[in-house]
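Undergrad: I'd like to go over a predicted model; first the sequence, then the structure.
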Amino acid sequence: MRLALYQPDIPQNTGTILRLCACLEVEAHIIEPAGFPTSDRHFRRSGMDYLDQVNIVRHDSWGHFAQWRVEQGLRLVLFTTKGAVPYLEHRYSADDILLFGRESAGVPDDVASTADARVVIPIRKDLRSLNIAMAAAMALGEALRQTA
């Protein structure tokens with residue numbers, strides 16, 4: 001199981017997600033460009049000393065990430081408010097990459113079109129979205145539960 005962040009733009013969320021990955025022994029992928037330097041104090045504070053405990057793989061572009069994924073034969077599961085399948089109904093595989101888009105904009109259509117699955121965490125209709133770190137925790141928890 002892997003978790004990938006597409007061009008993350010809020011350092012506190014990224015730090016929190018990387019801390020989650022460290023604690024659950026999940027490889028984290030960051031698809032650049034990120035909207036902040038990794039030396040950002042908010043990023044470091046959110047990740048605390050856990051950042052040294054997580055395996056972080058950086059990809060300098062979407063193209064390089066997509067090529068790497070195909071070469072590895074890994075399935076891409078995109079979490080999106082536009083997903084059709086509720087995340088609890090999706091069947092996860094140990095070879096999945098759980099992909100989360102930018103907090104401010106999600107992922108562009110060309111990225112979404114490459115996903116093997118597009119899933120959604122259902123929320124109230126009158127609200128826009130969950131915090132990405134909360135969504136990542138919910139998604140990763142369910143994916144690991146199913147594949148353990």
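TA: Everything's here; your move.
Undergrad: Packing partners of the lengthiest helix in the chain?
TA: Assignment by DSSP state H gives helix 132-147 as the longest helix of the chain. Secondary-structure packing of helix 132-147 (3 or more C-beta pairs under 8 Å, 6 or more residues apart in numbering; DSSP states H and E): helix 11-24, strand 75-79, strand 96-100. The way it works is simple: take the backbone N, C-alpha and C, and place the C-beta from them, glycine included.
Undergrad: relative orientation of that helix and helix 11-24 in degrees?
TA: 20 degrees (axes from the mean of the first three to the mean of the last three C-alpha atoms, to 10 degrees).
Undergrad: Run through this protein and note the low-pLDDT ranges.
TA: Counting by pLDDT under 70, the chain shows low-confidence ranges at 40, 46-47.
Undergrad: What separation do you get for the most far-flung residue of the chain relative to its centre and residue 138?
TA: For the chain, the C-alpha farthest from the mean C-alpha position belongs to residue 126; by C-alpha atoms, centre = their mean, that distance is 24.2 Å. Computed as C-beta to C-beta, to the nearest Å, the residue 126 to residue 138 distance reads 20 Å.
Undergrad: do the same with residue 121
TA: 6 Å.
Undergrad: Residue 9 too?
TA: For residue 9, the distance to residue 138 (C-beta to C-beta) stands at 20 Å.
Undergrad: Please say which of those two ends up with more neighbours.
TA: Higher neighbour count among residue 9 and residue 138: residue 9, with 18 against 15, using other C-beta atoms under 10 Å.
Undergrad: for the closest residue to that one other than its chain neighbours, what are its contacts?
TA: In this structure, residue 9 finds its nearest non-sequential neighbour in residue 35, 3.2 Å apart by C-beta to C-beta, 6 or more residues apart in numbering. Residue 35 is in contact with 7, 8, 9, 10, 11, 102, counting by C-beta atoms under 8 Å, 6 or more residues apart in numbering.
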